[in-house]
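Novice: Predicted coordinates and the sequence they were generated for:
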Amino acid sequence: MGFLELAKARYSCRSFLDKKVEKEKLEQILEAGRIAPTAVNYQPQRVLVLQEEKQLEKLSECTRFGWGAPVIMIICYDKNVSWKRKFDGQDEGVVDASIATTHMMLEIQELGLGTTWIGSFNPAKVREIYEIPENLEIVAILPVGYPAEEAKPSEAHDRRNAMDEMVYWDTIK
C-alpha cells in the first residue's frame, strides 16, 4: 500500500475487539515513534504503554474515552530534552511528540490495528494516576487494538476542504 492510500485508509477507531495485541506489533509501533523526525534530533518523545487490566481501568478516571482497547499508549515529551527555538523560546517538544504519535498511528493502521488520538483528557489526573514525572509533558493518548466488526470511519472521514483552501502559492492573500 502506498503512503497516500495508507493515510486515507486510517480512521479514528472507537470500538475494539477483546483481543490481545502481539508484542511484536507493539514493538513495531514503538519503533515507528522512535524513528520519527524531531527538532535537532533530540528525540524527546516518551511513551508509557499500558496493558495490565489494573492500569487500563484507571484510565476512566482521566477521560471518558478509551473504548475498552487492550493497550493504551500515553505519549509525552521530556521538556528537559526538547529543543527550544532561540528566537522566542518556543518548545518544539509538542511538535516532536505529535510527529511521533502520527508515525505510530500510521504504523498501527499498516498492521491492521486501530486507534484514535485522544486529546480530551485531564492531564493532571493522568500525571497523578500514572506517576508521570513533572519533566514529561503529556501530549496524547492512543488506544490500540484490533478494530471490532462494527468499527468504521465517521461520516465526516472523507470530507476534505478543497486544495485551494489550504494552499497558497508565493503569498497569503
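Specialist: Thanks, I have it. Numbers count the residues shown, from 1 in each chain.
Novice: Tell me the secondary structure of the closest residue in space to Met73 that isn't next to it in sequence, please.
Specialist: Leaving aside its chain neighbours, Met73 sits nearest to Leu142 (4.3 Å; criterion: Cβ to Cβ, 6 or more residues apart in numbering). Placement of C-beta: from N, CA and C, glycine included. Assigned with DSSP: H, G, I helix; E, B strand; the rest coil, Leu142 falls in the strand class.
Novice: Leu142: how many residues sit nearby?
Specialist: 22 (other Cβ atoms under 10 Å).
Novice: List the residues that contact it.
Specialist: Applying Cβ atoms under 8 Å, 6 or more residues apart in numbering, we find Leu142 in contact with Ile72, Met73, Ile75, Thr101, Met104, Met105, Ile108, Thr115, Thr116, Trp117, Ile118.
Novice: Quick check: it vs Ser120, distance?
Specialist: According to Cβ to Cβ, to the nearest Å, Leu142 stands 13 Å off from Ser120.
Novice: Could you find the closest non-adjacent residue to Arg127?
Specialist: Nearest to Arg127 is Ile138, by Cβ to Cβ, 6+ apart, at 6.7 Å.
Novice: Ok, Met105 next?
Specialist: Using Cβ to Cβ, 6+ apart and skipping residues adjacent in sequence, the residue nearest Met105 is Thr115, 5.6 Å away.
Novice: So which residues of the protein form strands?
Specialist: 45-50, 71-78, 136-144 (DSSP state E).
Novice: rewinding a little: and the residue nearest to Met105, how far from Pro70?
Specialist: In this view, Thr115 and Pro70 are 12 Å apart by Cβ to Cβ.
Novice: need the strands of the chain in a markdown table with distance to Ala9, can you?
Specialist: Shown next, in a markdown table, are the strands of the chain (distance: least, Cβ to Cβ, whole Å):
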| stretch | distance to Ala9 |
| --- | --- |
| strand 45-50 | 23 |
| strand 71-78 | 20 |
| strand 136-144 | 16 |
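Novice: quick one: Glu137 and Glu92 touch, right?
Specialist: No - here Glu137 does not reach Glu92: they are 11.6 Å apart, not a contact under Cβ atoms under 8 Å.
Novice: I'd like to know how many residues surround Lys58.
Specialist: Counted by other Cβ under 10 Å, the residues lying close to Lys58 total 16.
Novice: Across the sheet, point out what pairs with the nearest residue to Arg46 once chain neighbours are set aside.
Specialist: Spatial nearest neighbour of Arg46, excluding adjacent residues (Cβ to Cβ, 6+ apart): Cys76 at 4.6 Å. Bridge pairing for Cys76 (DSSP bridges) gives the partners Arg46, Ile138.
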